[in-house]
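J.: fold the following.
(chains A, B and C)
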Amino acid sequence: MRAYTLGEIAKFIEAEIIGDADVKINSIATATVAQNGQLTYIVAPKYKKNLIHSRASAVILNRNLLNSCPTNALIVDDVYLAFAKLSHYFKPPTPQLTGIHPNAKINHAKLGQGCLIGKNVVLGKHCVIGANCVIEDGVKIGNNAYLYANVTILQNCVIGNNVVISPGAVIGAQGFGNAKDRHSRWHTIAHLGNVVIGDDVSIGANTTIDRGTLEDTQIHNGVRLDNLVHVAHNVVIGQDCAIAANTGIAGSTTLGKRCMIGGMVGIVGHLNICNDSVVNAKSTVDKDIKTPGIYTGIMPLMQHKQWQNIGIWLVKLDKIVKHLNIKLKNLKGY
Amino acid sequence: MRAYTLGEIAKFIEAEIIGDADVKINSIATATVAQNGQLTYIVAPKYKKNLIHSRASAVILNRNLLNSCPTNALIVDDVYLAFAKLSHYFKPPTPQLTGIHPNAKINHAKLGQGCLIGKNVVLGKHCVIGANCVIEDGVKIGNNAYLYANVTILQNCVIGNNVVISPGAVIGAQGFGNAKDRHSRWHTIAHLGNVVIGDDVSIGANTTIDRGTLEDTQIHNGVRLDNLVHVAHNVVIGQDCAIAANTGIAGSTTLGKRCMIGGMVGIVGHLNICNDSVVNAKSTVDKDIKTPGIYTGIMPLMQHKQWQNIGIWLVKLDKIVKHLNIKLKNLKGY
Amino acid sequence: MRAYTLGEIAKFIEAEIIGDADVKINSIATATVAQNGQLTYIVAPKYKKNLIHSRASAVILNRNLLNSCPTNALIVDDVYLAFAKLSHYFKPPTPQLTGIHPNAKINHAKLGQGCLIGKNVVLGKHCVIGANCVIEDGVKIGNNAYLYANVTILQNCVIGNNVVISPGAVIGAQGFGNAKDRHSRWHTIAHLGNVVIGDDVSIGANTTIDRGTLEDTQIHNGVRLDNLVHVAHNVVIGQDCAIAANTGIAGSTTLGKRCMIGGMVGIVGHLNICNDSVVNAKSTVDKDIKTPGIYTGIMPLMQHKQWQNIGIWLVKLDKIVKHLNIKLKNLKGY
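T.: Residues are numbered from 1 along each chain as shown, chains lettered A, B, ... in the order given. Model prediction:
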């Protein structure tokens, strides 16, 4: 891993240092997790508590939080943008794959032709790796893995025992995190976390699981993912969940255990979905689910003409209710 | 193909045999299709009629259906779970691809570099197979196929004449079928059916078509599938259908001829969609379509604030109607 | 490029020539763009103005528009079908990739093992091309490109500087354009346009961007596309847009600058979305957006039972309103 002094980092992100420019920083971590030798960042005053208790060696923050900073500070105007820029300095170098790296422990796996295995890869017993798979440096895979053809697993991902991955799946691609500057330009965040997949998991064809920003995207034991599912950065999918095709789960959402998510469901980011939630196909989950049960949110299918007829009124439902002088309290009894 | 005695199978799934333990079973089939030498399973009393008329050599069932069983019986508590476990014993062995198998009939096809062709593959005349394509054992492809780069076609799939497949498509991956045990653990079903694609079909980039459970997923002549479409196990898509991008069709649904399905439509499983159905983009099809026509089921787009205003009332529509003392019969005249 | 005489083209599409059969046609273009040496087509009387002002050397049209044709005419019954058939004659020949073409200018790029680079490809400085990538003939890529593994870029696509493409993405596949004949058979249109991607763009895993029909699909500078996004033929995505995972944009839609499109949004074809439009996840955009702002169109999530209760009434909203004798004008005041 690369390490930098706080002085170097201040230059990278054009920050003012308050503290010791010689402190060595070897990685970035979230405020609640960061330890000695790590740097963190605080994007808003509402995270002040995390700042006060942080054990990080340095913090990127706005000047107005400086009084609450218990350690070395890097002062910038746009903290998230500074973090985005800095993240690239901690990204591991590009792996250069050439056949099976001599260093890789492949444990007599059956390797399909054209597959590439990087440095420090470790495969468990009885693995089958399909043709033209690409497994980058540092990936760890347990026993009895079965990877079909054309699977891509990026650097350092960790996969348990008895995992099946269908063709075209991509594990550990960069997450979709970008910081906007004042010119409305996007700055990509380098995603430094991993994907960690438990035992007895199966992953469908052309499904994508992005790596975490700083922490890991997690797929727990026994999970079933169908084809063309998208799992964003920092998502946690609890044990024994089953998620049908074309579903997307946005960043930092956590699913409890045994959830059953239908096809083409969209789950927005930063939500908590409790254990044993069942969401019917095509629904949108835009708020936490706190009670186990069956949930639905789709428009019923109609003859197109009928849909046009109701659409006129649907978008005026609030006005209709006002016209009828109905109040929310009127509906309590029903 | 592998074959087992009923006695061996009883051990695999911990079943009680009522009948002849020496009977040879060479494959599994659905109850209405199974013939001598095949085993079937009955998951619920509602399929009793299929059981009574089955020509299978043996049936996995619950004890309470034993009286209706016309042949050898394997009694278990959880039939679907037993089937899931047993399916793996009939899965063909893992193909090991190495370049172009000497046994494959490639018929002077133009083969892109890095493409792999398995044992017993047959290609028709004038085929073009793109770079890094993987075509597993036993695949049959007709004349004039054009496969772009990075296409994966799994074991034994059958593809007609004049078929075009765009990059990254995956044909014949495992279906998403899993049986849950009493500990809420999922047991994957090995999908033993094929994908059978007719003539003059085109398949978009990164589209996935899963193989059938026991019977075949079918794409009939003249079908057009756009990019990132998901076609689940046992789906049948009728002649000359066109299906736009990001659409998903769940397991065992049948589309008639000449259907036009817009982009990002979700069609749930086990439905029948009649000939000449047109479904507008983003709609959810959650029931059979029995009359040709144009169908829609989407929420109209609004300013977000307006959507919030109507949302409050939308989820209370039943209460509003009760408050207004409207009955379904009141609406008959309109 | 191939060229044909008008006489040859008339035979290809079984058209009647009114004019000079010896005129050389070297490509097809849209009516407003076509110049000398190019052929165009007019599918309906509403495009008469384009016909009258066209500088094309020949036009495919119906007989009833012949009087308005300023140049050589090819008369057919079904113009769109004739165009579909003709398009294939202008498709460039199939590239045959073999390792790194000696002709390609790879500019010391780091090339992953198994990647294939076609004829006349040009890579800028400091490019990294991942393992098993396929880059077809004539592709141009700027400086500092980073292509992860298993990316496919088809013929002649043009990509700017500092572009990052995640694994499994497919750039330049055939668009989903098909003409129906009177037997309800689909005839594929060969897509002769390119994909043109600007500078500082990033493209997610397994995302697909189709090439234009005659003109180019365009992704402007600074755009961010997440995983499993579908961008259809002739779409234009304006500068600094960000589009989250699983979203699909249908053919010929134009997005202005700085739009933020949530995950699994569907945008139908031939729309104009203005600068600074924000569309929330899972919404359907089925009409132009003319005013910057935040837009939403999803059904709220409910307990399934509640959804069933409201669904009964939702599809009868027009009848309820009639029963209550509410007119649109009644709602003006609210």
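J.: was I right to think residue A:147 contacts residue A:165?
T.: Yes: applying Cβ atoms under 8 Å as the test, residue A:147 and residue A:165 come out as touching, 4.8 Å apart. From N, CA and C alone the C-beta is placed, and that goes for glycine too.
J.: so what sits against both of those two?
T.: residue A:153 (Cβ atoms under 8 Å, 6 or more residues apart in numbering or on different chains).
J.: can you pull the contacts of residue A:139?
T.: The contact partners of residue A:139, taken as Cβ under 8 Å, 6+ apart, are A:118, A:121, A:122, A:153, A:154, A:155, A:156, A:157, A:158, A:159.
J.: ok, now which ones touch the second one?
T.: Spelled out, that is residue A:121. Contact partners of residue A:121, counting by Cβ under 8 Å, 6+ apart, are A:101, A:104, A:105, A:106, A:135, A:136, A:137, A:138, A:139, A:140, A:141.
J.: of those, which belong to strands?
T.: Among the contacts of residue A:121, DSSP state E puts A:135, A:140, A:141 in strands.
J.: the contacts of residue A:139 in strands, which ones?
T.: Judged by DSSP E, those include A:122, A:153, A:158, A:159 as members of strands.
J.: what about the first one, how many residues nearby?
T.: Put plainly, it is residue A:122. 15 (other Cβ atoms under 10 Å in any protein chain shown).
J.: measure it to residue A:165 for me?
T.: 16 Å (Cβ to Cβ, to the nearest Å).
J.: hang on, the earlier thing: which of the ones in strands among the contacts of residue A:139 sit farthest apart?
T.: Farthest pair in the ones in strands among the contacts of residue A:139 (Cβ to Cβ) is A:122 and A:153. Separation: 12.3 Å.
J.: overlap of the contact sets of these two?
T.: A:139, A:141.
J.: tell me the buried residues in the longest helix along chain A?
T.: Using DSSP state H to define each element, chain A has its longest helix at helix A:304-314. Residues of helix A:304-314 classed as buried: A:304, A:306, A:307, A:309, A:310, A:311, A:313, A:314 (neighbour count, 16 or more other Cβ atoms under 10 Å in any protein chain shown).
J.: how about the fourth one: what's its closest non-neighbour residue?
T.: On the basis of Cβ to Cβ, 6 or more residues apart in numbering or on different chains, the spatially nearest residue to residue A:309 that is not a chain neighbour turns out to be residue C:318, at 4.1 Å.
J.: so which helix or strand takes in that neighbour?
T.: Using DSSP states H and E, the element containing residue C:318 is helix C:317-323.
J.: could you name the helices and strands sitting against that helix?
T.: With contacts defined as 3 or more Cβ pairs under 8 Å, 6 or more residues apart in numbering or on different chains; DSSP states H and E, helix C:317-323 has these neighbours: helix A:304-314.
J.: and the helix it packs on, what's its mean pLDDT?
T.: Averaging pLDDT along helix A:304-314 yields 96.
J.: can you list contacts of it?
T.: Residues from elsewhere that reach helix A:304-314 (Cβ under 8 Å, 6+ apart): A:302, A:320, B:280, B:293-300, B:310, B:314, C:314-318, C:320-321, C:328.
J.: gap between it and the chain center?
T.: Here helix A:304-314 shows a centroid-to-chain-centroid distance of 38 Å under the convention Cα atoms, centre = their mean, to the nearest Å.
J.: over to stretch A:23-35?
T.: On Cα atoms, centre = their mean, the centre of stretch A:23-35 falls 19 Å from the chain's centre.
J.: try stretch A:208-220
T.: 4 Å.
J.: ok, stretch A:22-41 next?
T.: Taking mean C-alpha positions (Cα atoms, centre = their mean), stretch A:22-41 and its chain are 20 Å apart.
J.: for that stretch, measure first residue to last.
T.: Start-to-end span of stretch A:22-41 (Cα to Cα, to the nearest Å) is 19 Å.
J.: got the buried residues for it?
T.: So for stretch A:22-41, counting by 16+ other Cβ under 10 Å, buried means A:23, A:25, A:28, A:29, A:30, A:31, A:34, A:38, A:39, A:40, A:41.
J.: for those residues, work out which two are farthest apart.
T.: With Cβ to Cβ as the measure, no two of the buried residues of stretch A:22-41 lie farther apart than A:23 and A:30, at 18.8 Å.
J.: filter the contacts of residue A:139 to the buried ones?
T.: For the contacts of residue A:139, buried by 16+ other Cβ under 10 Å: A:118, A:121, A:153, A:154, A:155, A:156, A:157, A:158, A:159.
J.: would you format these as a markdown table with distance to residue A:112 and pLDDT included?
T.: Output for the buried ones among the contacts of residue A:139, formatted as a markdown table (distance: Cβ to Cβ, whole Å; pLDDT from 0 to 100):
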| residue | distance to residue A:112 | pLDDT |
| --- | --- | --- |
| A:118 | 16 | 97 |
| A:121 | 15 | 98 |
| A:153 | 14 | 98 |
| A:154 | 19 | 98 |
| A:155 | 21 | 97 |
| A:156 | 22 | 97 |
| A:157 | 19 | 98 |
| A:158 | 22 | 98 |
| A:159 | 17 | 98 |
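J.: show me which of the residues you listed is closest to residue A:89.
T.: Taking Cβ to Cβ as the measure, residue A:89 lies nearest residue A:155 of the buried ones among the contacts of residue A:139, at 16.2 Å.
J.: just checking, that closest one touches residue A:138?
T.: Yes: using Cβ under 8 Å, residue A:155 is in contact with residue A:138, at 5.4 Å.
J.: intersection of neighbour lists for those two?
T.: Joint contacts of residue A:155 and residue A:138 (Cβ under 8 Å, 6+ apart) are A:92, A:118.
J.: can you give me the helices in chain A?
T.: A:6-13, A:48-52, A:79-87, A:304-314, A:317-323.
J.: so which of those helices is the most surrounded?
T.: Mean neighbour count, computed with mean count of other Cβ atoms under 10 Å in any protein chain shown, is highest for helix A:79-87 among those, reaching a mean of 22.
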